[in-house]
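K.L.:
pasting the sequence and the predicted model now:
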Amino acid sequence: MNSLWQYANPRKFNDTADKILPWIAVLSTTCLFTGLTWGAFFTPPAERFQDSVKIIYLHVPSAMMAINAWLMMLAASLIWLVRRHYVSAMAARAAAPVGIVMTLIAMVTGAIWGQPTWGTWWAWDPRLTSFLILFMFYIGYVALWSAIENDDIAADLTSILCLVGSVFAVLSRYAVNFWNQGLHQGASLSLDREKNVADVYYTPLLLCIAGFALVFIALVLLRTRTEIHARRIRSLQLRERGDDNA
Amino acid sequence: MGALVSRDLKLAVRAGGGFGLGVAFFLILVSMVSFGVGPQGDLLSRISTGMLWVGAILSCLLSLDRIFALDWEDGSLELLATSPLPLELVVLAKALVHWLTTGLPLVFASPIFGALLNLEGPGYIAIAFSLLVGTPALSMIGAFGAALTVGIKRGGLLLSLLVLPFYVPTLIFGALMARTGANGSDYTSYLLLLSGITCGTIALLPFAAAAVLKINLR
């Protein structure tokens, strides 16, 4: 009984979600509040960027979550296709709009940062372009979900779209490297400490990343729980109507 | 499979509106580009390869919903699914017919339209060659998208929204190959990348498209 798959039961999932959601909400607010305040008011301005460097506390975490949300959808789609757990399909559906918002935050903060630093709101740089492509994949995924009325067929079709789309998204990511050289800087965080951002920015950035990840988890749990409730209400209504006819 | 291909080809030719329409749309698009950006020759010749590739993608997109829609409406798709021919091969045949009726005419038309856009000398062979290698991938990806949206009424706009992001790698390598060729340089590496994408899509996407069709036919 003590396995991960017990949460494939919608009731068990909802009970657990009810229990842990307040904790995650409080924890994510704390992380974000501490990280953002620390980052915005108690770190020195960087040498070349002045105060504009502080936007990385929004930009880097949201960009990371934009990609991780898609990976989470990919995993959930695979679980749905292989093991047919409804909660998995609903979680994939719940994650997509959150992923869209994360992608938008990353692109908008990037533009706001790019204007004073690179002198332009938008450049056809490989990283920016791949985010735009990721954004288009998200939109197609959500549009397909909302276009099909039968929930099971929609779950199947969007899962396959997510699998094939992942392959093409990765392909596009490397194709744009051939097409234009970038002006984006390299990774802000890596296990190799030498390449990291300067130490003063490191801890608040980690806090913000944890905060964004927790916000994402909280929103997905919340939206999945809502979807489970909505489906239960729908089936109850159908059953009642059936009783009236009988 | 041969019978299916010849049946669909006959349908496309005799029913009208299938065969020449893509090329006609391509011609209109090319002239719209010159109306839009102005008649300066050097500007047109710089953007010509890119515009020809975007035009090819748009005219391909225009006919995508025809791939499965007619057979879906009159029920012959269900007959095809229950026939001894694997559904994967049905998808492949459908994509082949789509390519023969839209992709291949574009390959032959592209040098002529290149002249309209003031294409550089070595670019004529490069654009036709890149379209010859790249358009099969466009048809195959399009067949997957058409299979996804076949059950949706008025799914045309959704189909474009879904398929266009999938076209990005093909477009990038195809247009790069044509542009490099038009500049007179060696385009072998882009040719290899483009043919890699085409071979990969033809090898793998029929399975995805057949799986999607089976879900839609359930």
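P.N.:
Alright, I've got the coordinates. Treat the numbers as computed from the prediction; the structure is a model and nothing was measured. Numbering: from 1, shown residues only, chains lettered A, B, ... in the order given.

K.L.:
show me what from chain A comes close to chain B.
P.N.:
Contact residues of chain A with respect to chain B, defined by CB under 8 Å from any CB of the partner chain, are listed as A:133, A:136-137, A:139-140, A:143-144, A:147-148, A:153, A:156-157, A:160-161, A:163-165, A:168-169, A:171-172, A:175-176, A:178-179. All C-beta spots, glycine's among them, are computed from the backbone N, C-alpha and C.

K.L.:
would you confirm that residue B:155 contacts residue A:143?
P.N.:
No. Here residue B:155 does not reach residue A:143: they are 10.0 Å apart, not a contact under CB atoms under 8 Å.

K.L.:
higher neighbour count, the two?
P.N.:
Here residue B:155 and residue A:143 are compared on neighbour count by other CB atoms under 10 Å in any protein chain shown; more neighbours surround residue B:155, at 21 against 15.

K.L.:
need the pLDDT of the more buried one.
P.N.:
At residue B:155 the predicted local distance difference test score is 79.

K.L.:
phi and psi next, for it.
P.N.:
phi -90, psi 10 (degrees, to the nearest 10).

K.L.:
what's near enough to touch it?
P.N.:
For residue B:155, the contacting residues are A:147, B:65, B:149, by CB atoms under 8 Å, 6 or more residues apart in numbering or on different chains.

K.L.:
how much space between the closest residue to residue A:43 other than its chain neighbours and residue A:44?
P.N.:
Among residues not flanking residue A:43 along the chain, residue A:200 sits closest, at 5.2 Å (CB to CB, 6 or more residues apart in numbering or on different chains). For residue A:200, the distance to residue A:44 equals 6 Å [CB to CB, to the nearest Å].

K.L.:
between these two, which one's more packed in?
P.N.:
Neighbours per residue, other CB under 10 Å: of residue A:200 and residue A:44, the larger number sits with residue A:200, 14 against 10.

K.L.:
what helix or strand is that one located in?
P.N.:
Counting by DSSP states H and E, the element that carries residue A:200 is helix A:199-245.

K.L.:
what residues sit buried inside the helix or strand of chain B with the lowest mean pLDDT?
P.N.:
Across the helices and strands of chain B, mean confidence by mean pLDDT, DSSP states H and E is lowest for helix B:2-14: a mean of 79. For helix B:2-14, the buried set under the neighbour-count rule, 16 or more other CB atoms under 10 Å in any protein chain shown, comprises B:4, B:8, B:9, B:12.

K.L.:
also stretch A:141-160?
P.N.:
Using 16+ other CB under 10 Å as the test for burial, stretch A:141-160 gives A:141-142, A:144-145, A:147-148, A:151, A:154-160.

K.L.:
and stretch B:54-70, by the same measure?
P.N.:
When neighbours are counted by 16+ other CB under 10 Å, the buried residues of stretch B:54-70 are found to be B:54-57, B:59-69.

K.L.:
contacts for stretch B:78-85?
P.N.:
In this structure, residues lying in contact with stretch B:78-85 by CB under 8 Å, 6+ apart are B:1, B:4, B:71, B:87, B:90, B:213, B:214, B:217.

K.L.:
got it, and stretch B:53-61?
P.N.:
B:22-23, B:25-26, B:29-30, B:33, B:102-103, B:106, B:110, B:113, B:130-131, B:134-135, B:138-139, B:142, B:159-160, B:163-164, B:167, B:171, B:174-175, B:178.

K.L.:
same question, stretch A:52-67
P.N.:
Contacting residues not belonging to stretch A:52-67 are listed as A:35-36, A:39-40, A:43, A:45-46, A:99, A:102-103, A:105-106, A:109-110, A:112-113, A:116-117, A:131, A:134, A:188-189, A:197, A:201, A:204-205, A:208-209, A:211-213, A:216 [CB under 8 Å, 6+ apart].

K.L.:
tell me the mean pLDDT for that stretch?
P.N.:
Averaged across stretch A:52-67, the pLDDT comes to 88.

K.L.:
contacts only, for residue B:46.
P.N.:
Neighbours of residue B:46 in contact, by CB under 8 Å, 6+ apart: none.

K.L.:
rewinding a little: elements contacting the helix holding residue A:200?
P.N.:
Helix A:199-245 makes packing contacts with helix A:10-41, helix A:56-83, helix A:86-118 when contacts are defined by 3 or more CB pairs under 8 Å, 6 or more residues apart in numbering or on different chains; DSSP states H and E.

K.L.:
let me know which of those is the nearest to residue A:239.
P.N.:
Taking CB to CB, helix A:10-41 is the member of those nearest to residue A:239, at 16.5 Å.

K.L.:
give the buried residues for the closest one.
P.N.:
Going by neighbour count (16+ other CB under 10 Å), the buried part of helix A:10-41 is A:10, A:13-14, A:17, A:24-25, A:27-28, A:31-32, A:34-36, A:38-39.

K.L.:
okay, the angle between that helix and helix A:86-118?
P.N.:
Counting by axes from the mean of the first three to the mean of the last three CA atoms, to 10 degrees, helix A:10-41 lies at 10 degrees to helix A:86-118.

K.L.:
about what we covered before: and the buried residues of helix B:2-14 as TSV, adding distance to residue A:124?
P.N.:
Rendered in TSV, the data for the buried residues of helix B:2-14 read as follows (distance: CB to CB, whole Å):
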residue	distance to residue A:124
B:4	43
B:8	40
B:9	40
B:12	38
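
K.L.:
now for the residues you listed: which two are most distant?
P.N.:
Greatest spacing in the buried residues of helix B:2-14, by CB to CB: B:4 and B:12 (12.5 Å).

K.L.:
so how far is residue B:174 from residue B:52?
P.N.:
When CB to CB is the yardstick, residue B:52 and residue B:174 sit 10 Å from each other.

K.L.:
which neighbours do these two share?
P.N.:
Shared contacts of residue B:52 and residue B:174, defined by CB under 8 Å, 6+ apart, comprise residue B:131.

K.L.:
who's in contact with residue 29?
P.N.:
Let's take chain A. Under the criterion of CB under 8 Å, 6+ apart, the contact partners of residue A:29 comprise residue A:211.

K.L.:
hm, I was asking about chain B
P.N.:
Taking CB under 8 Å, 6+ apart as the definition of contact, the neighbours of residue B:29 are B:51, B:55, B:58, B:59.
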